[in-house]
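Engineer: Need the 3D shape of this:
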Amino acid sequence: MHQQKHDWFTATLTFGLCCGLIISYLPQHARIIRAGSSEGFSPWFLLLGSTSSAAGMLNMFTMQFGIVKCCRYFSLGGCLEMTAGIVQVGLQWAMFTFIFVLYMLYYPPHLKYITPASDPETSSNTKPLKRPQRTEEWQNSVILAWVTFGHFAIIVITTIYLLLTTSPSPVPNQPLPPRLSSWATLLGVSSAMLAAIQYMPQIIHTYRMKLVGALSIAMMMIQSPGAVLMVLSIALRPDTNWTSWITFAVAGIMQGTLLVMCITWKFRQLKLGIDDFGAPL
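Structural biologist: Sure thing, here's the model as predicted:
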């Protein structure tokens, strides 16, 4: 017997957070596109964020797959209400990963390849240059993009295989089969561990640059307080545990640290008369 319990507070909170997620990421997407540059981002930050959010999304999907299977017994609205947590973390993954896509698309051309210094003694007799040599950071960015794609493919295939071979109970608050429970815990813990160190490369990168770069302060000002609501929303949903929300708690604290640093550099830039990329105003 499939019975739906309506929790209007949690449903409203989740709907508001989904809208807030989209709105909060739009300034960052627009900033990169408008500036035509993704300079200032750490590719390691984007790798860790994309893999962390992907693992968190599939943790939620695995934990609530029994509820997903009940959707055929309810209306579209009822199904969306029950699976809103999955939609919420899915949006988080999609919006963050899109930043990585924009980072690759708008990577500054002058930073992609090493410009060889010309030698006047040999310039007249040199052979045509081979393919331009990539800079170390651009090479790392390409490799990390492929690692991100590979990680996503592996955990998606593994999750689908386990769900097809080990069916969870559709009854709410029932424990998962041992294999699924272990996989969900692995996803949740790995997501939390990646999130715990996610912002460290970006904090170090931004500290060394002493510039805001393409980072959006507006996005961080919206998201840092929103992390509290995100944790609350996920914790209140059925069939979730601490592994489902710890990711967002850790990420919120680290993002707040990066926000404070960016605001500090913003004031420094104004004093020096330079823009976010170090060019004179």
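Engineer: So, low pLDDT: which residues of the chain?
Structural biologist: For the chain, the stretches flagged by pLDDT under 70 are 1-7, 10, 73, 75-77, 116-130, 168-174, 247.
Engineer: Can you list the residue ranges for helices in it?
Structural biologist: Defined through DSSP state H, the helices belonging to the chain, from first to last, are 8-35, 43-63, 65-69, 76-82, 84-105, 136-165, 178-209, 217-235, 242-272.
Engineer: which one of these lies closest to Ile114?
Structural biologist: Comparing those by their distance to Ile114 (CB to CB), the top pick is helix 136-165, with 8.9 Å. Just so you know, the C-beta spots here come from the backbone N, C-alpha and C atoms, and that holds for glycine as well.
Engineer: Which elements pack onto the closest one?
Structural biologist: Helices and strands touching helix 136-165, by 3 or more CB pairs under 8 Å, 6 or more residues apart in numbering; DSSP states H and E, are helix 43-63, helix 84-105, helix 178-209.
Engineer: got JSON lines for these, with distance to Ala11 too?
Structural biologist: Shown next, in JSON lines, are those (distance: least, CB to CB, whole Å):
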{"stretch": "helix 43-63", "distance to Ala11": "16"}
{"stretch": "helix 84-105", "distance to Ala11": "6"}
{"stretch": "helix 178-209", "distance to Ala11": "23"}
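Engineer: for these, which one ends up most surrounded?
Structural biologist: Using mean count of other CB atoms under 10 Å, the stretch among the helices and strands packed on helix 136-165 with the largest mean neighbour count is helix 43-63, at a mean of 25.
Engineer: Which elements pack onto that helix?
Structural biologist: helix 84-105, helix 136-165, helix 178-209, helix 242-272.
Engineer: I'd like the distance from the longest one to the chain centre, please.
Structural biologist: Averaging C-alpha coordinates over helix 178-209 and over its chain gives two centres that are 10 Å apart (CA atoms, centre = their mean, to the nearest Å).
Engineer: picking up where we left off before, mind putting the helices and strands packed on helix 43-63 in TSV, distance to Phe74 included?
Structural biologist: Formatted as TSV, those follow (distance: least, CB to CB, whole Å):
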stretch	distance to Phe74
helix 84-105	13
helix 136-165	20
helix 178-209	23
helix 242-272	22
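Engineer: Determine which of these approaches Ser224 most closely.
Structural biologist: When the helices and strands packed on helix 43-63 are compared (using CB to CB), the closest one is helix 242-272, at 4.5 Å.
Engineer: Could you dump the helices of the chain into JSON lines and include distance to Tyr113?
Structural biologist: Formatted as JSON lines, these follow (distance: least, CB to CB, whole Å):
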{"stretch": "helix 8-35", "distance to Tyr113": "21"}
{"stretch": "helix 43-63", "distance to Tyr113": "16"}
{"stretch": "helix 65-69", "distance to Tyr113": "46"}
{"stretch": "helix 76-82", "distance to Tyr113": "47"}
{"stretch": "helix 84-105", "distance to Tyr113": "15"}
{"stretch": "helix 136-165", "distance to Tyr113": "7"}
{"stretch": "helix 178-209", "distance to Tyr113": "20"}
{"stretch": "helix 217-235", "distance to Tyr113": "30"}
{"stretch": "helix 242-272", "distance to Tyr113": "28"}
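Engineer: Which one, of the helices and strands packed on helix 136-165, ends up nearest to Gln139?
Structural biologist: Across the helices and strands packed on helix 136-165, closest to Gln139 is helix 43-63 (CB to CB), at 10.0 Å.
Engineer: send the alpha carbons of that closest one over as CSV?
Structural biologist: Extracted in CSV, the C-alpha atoms of helix 43-63 (Å, rounded to 0.1, in the frame of the first residue of the first chain):
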residue,chain,number,x,y,z
PRO,A,43,40.7,23.7,-12.0
TRP,A,44,41.2,21.6,-8.9
PHE,A,45,38.3,23.5,-7.2
LEU,A,46,36.1,22.7,-10.2
LEU,A,47,37.1,19.1,-10.3
LEU,A,48,36.4,18.6,-6.6
GLY,A,49,33.1,20.5,-6.7
SER,A,50,31.8,18.6,-9.7
THR,A,51,32.8,15.1,-8.3
SER,A,52,31.5,16.0,-4.9
SER,A,53,28.1,17.2,-6.1
ALA,A,54,27.8,14.2,-8.4
ALA,A,55,28.5,11.7,-5.6
GLY,A,56,26.0,13.6,-3.4
MET,A,57,23.3,13.5,-6.1
LEU,A,58,23.7,9.7,-6.6
ASN,A,59,23.8,9.2,-2.8
MET,A,60,20.3,10.9,-2.6
PHE,A,61,19.1,8.9,-5.6
THR,A,62,20.2,5.6,-4.2
MET,A,63,18.8,6.4,-0.7
